[in-house]
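Asker: Next one to model:
(one chain, ligands or ions: 1)
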Amino acid sequence: MTVKTQNAWNRIRESEITPESVFADRRRILKQLGFVGAGTLLSSSANAGVLDFLFGEGDQAQFARHALQHSKNLTFDHLVNGPLTPEDKVITHNNFYEFGTAKTDPAERAQGLQVQPWQLVIDGEVAKPLTLDYDDLFKLAPLEERIYRLRCVEAWSMVVPWLGFPLAALLKRVEPTSKARFVAFETLYDPEQMPGQRNRFVGGGIDYPYVEGLRIDEAMNDLTLLSVGLYGKTLPPQNGAPIRLVVPWKYGFKSIKSIVRIRLVESMPPTTWNLLASNEYGFYANVNPGVDHPRWSQASERRIGAGGLLSAKRIPTEMFNGYGDYVASLYQGMDLRRYY
Ligand code: MTE
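Answerer: Got it, this is the predicted structure:
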């Protein structure tokens with residue numbers, strides 16, 4: 001491949017700009033190069049030039065090339081009202097109770113998580129059950145970049161550039177039967193690797209494995225993503241490597257990490273937080289500024305930026321986290337106070 005615009009890239013002095021503006025700039029340059037459409041993969045490392053990124057060796061570069069080749073011109077970026085949350089915040093302020101309940105625990109304790117080999121089983125009410133290994137996860141469907149808001153029920157939020165593909169692409173492959181009304185998800189259960197699964201105190205009192213669920217129409221919605229990367233790289237363990245769910249109009253706890261099983265089922269499956277405290281966490285968990293959690297008002301949120309949580313700006317929370325145009329019709333006629 002000939003690269004004509006090396007100079008254009010070299011003119012940008014990375015020391016002068018933040019990693020996030022590097023990210024934005026790479027996106028512009030890649031677009032100018034004609035590699036990609038609006039939705040694409042980008043490098044996040046402020047130290048790696050775009051050419052290293054595209055033509056380098058190793059897993060990251062291969063992943064990048066694959067994603068670039070397959071990226072589609074489809075994003076929901078216009079729904080994000082504000083800058084990206086810096087990568088160093090996205091990967092150090094986490095909830096992954098299998099590694100402890102403090103926000104810094106996952107980044108500190110999950111680095112050894114073995115993701116290769118990995119097995120993801122999709123079964124249940126399907127005509128064609130499927131077992132995927134690690135490599136399959138990246139080849140299953142064209143990878144897209146989706147910049148989504150992530151709103152935690154604890155009333156903080158981020159804006160994250162995910163890489164992934166619609167869950168619908170996978171579900172169509174397995175051909176759900178007419179009995180498949182819900183989709184149940186399960187995280188890896190491996191107490192040897194996950195200290196929170198060995199010790200109830202460390203793991204926040206949760207009965208593991210962590211489980212989640214969606215109604216089939218929610219699962220098939222185009223916004224519902226299976227993510228395998230963020231900020232242009234494969235997912236770090238603390239964010240749910242090698243594959244996690246991202247459901248941007250629901251509170252973050254629905255976005256289950258490190259998934260090993262997806263089962264199509266007839267009845268509403270149990271979900272971890274609902275099992276733990278059903279008066280606090282419902283099955284639906286749609287972001288709703290009008291329905292408060294017993295301990296947190298949901299009317300506003302603190303958007304995490306460069307200063308982290310402490311200096312995060314408080315902004316009003318939007319119904320369905322701002323994605324109402326795409327998802328409100330799923331809940332027509334439902335009392336969302338009752339089905340919280
Ligand atoms: N998945 C598993 N398996 N275990 C968890 O503790 N926490 C959830 C969700 N997925 C969690 C999980 C919660 S409460 C949130 S807010 C998001 O992950 C956080 O995702 P992030 O750490 O990538 O920001």
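Asker: Look up how far the ligand lies from the residue lying closest to residue 263 once chain neighbours are set aside.
Answerer: Nearest residue to residue 263 in three dimensions, chain neighbours excluded: residue 124, at 3.9 Å (CB to CB, 6 or more residues apart in numbering). Backbone N, C-alpha and C define where each C-beta goes, glycine included. Separation of residue 124 from the ligand (CB to the nearest ligand atom, to the nearest Å) stands at 19 Å.
Asker: Give me the neighbour count for residue 113.
Answerer: 21 (other CB atoms under 10 Å).
Asker: Next, the contact list for it, please.
Answerer: Taking CB atoms under 8 Å, 6 or more residues apart in numbering as the criterion, residue 113 is in contact with 193, 194, 237, 241, 258.
Asker: now with 10 Å?
Answerer: Residue 113 is in contact with 96, 98-99, 106, 188, 190, 193-194, 236-238, 240-242, 258, counting by CB atoms under 10 Å, 6 or more residues apart in numbering.
Asker: contacting residues around residue 197?
Answerer: Contacts of residue 197 (CB under 10 Å, 6+ apart): 97-99, 187-191, 203, 206-210.
Asker: Correction: the previous question concerned residue 327.
Answerer: 217-218, 221-224, 247-250, 286, 319-321.
Asker: Phi, psi for it please.
Answerer: phi -130, psi -10 (degrees, to the nearest 10).
Asker: how far away is it from residue 269?
Answerer: 20 Å (CB to CB, to the nearest Å).
Asker: swap in residue 215?
Answerer: Taking CB to CB, one finds residue 215 at 10 Å from residue 269.
Asker: from the contacts of residue 113, which two are the most distant?
Answerer: 190 and 236 (17.6 Å; CB to CB).
Asker: Give me the more crowded residue out of the two.
Answerer: residue 236 (21 against 16).
Asker: Let me know the helix or strand that the residue nearest to residue 299 when sequence neighbours are not counted is in.
Answerer: Leaving aside its chain neighbours, residue 299 sits nearest to residue 289 (4.8 Å; criterion: CB to CB, 6+ apart). Using DSSP states H and E, residue 289 sits in no helix or strand.
Asker: wait, what's in contact with residue 285?
Answerer: Counted by CB under 10 Å, 6+ apart, residue 285 has contacts 153, 212, 247, 249-254, 271, 273-274, 339-340.
Asker: hmm, 7 Å instead?
Answerer: Neighbour list for residue 285: 250, 251, 253, 254 [criterion: CB atoms under 7 Å, 6 or more residues apart in numbering].
Asker: out of these, which touch the ligand?
Answerer: Among these, the residues that sit close to the ligand (CB under 6 Å from any ligand atom) are residue 253.
Asker: filter the contacts of residue 197 to the buried ones?
Answerer: 97, 98, 99, 187, 188, 190, 203, 206, 208, 209, 210 (16 or more other CB atoms under 10 Å).
Asker: what would those residues look like in a markdown table with secondary structure, pLDDT and distance to the ligand?
Answerer: Shown next, in a markdown table, are the buried ones among the contacts of residue 197 (DSSP: H, G, I helix; E, B strand; the rest coil; pLDDT from 0 to 100; distance: CB to the nearest ligand atom, whole Å):
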| residue | secondary structure | pLDDT | distance to the ligand |
| --- | --- | --- | --- |
| 97 | helix | 98 | 4 |
| 98 | helix | 98 | 6 |
| 99 | helix | 98 | 8 |
| 187 | strand | 99 | 4 |
| 188 | coil | 98 | 8 |
| 190 | coil | 98 | 12 |
| 203 | coil | 98 | 9 |
| 206 | coil | 98 | 7 |
| 208 | coil | 98 | 8 |
| 209 | coil | 98 | 8 |
| 210 | coil | 98 | 4 |
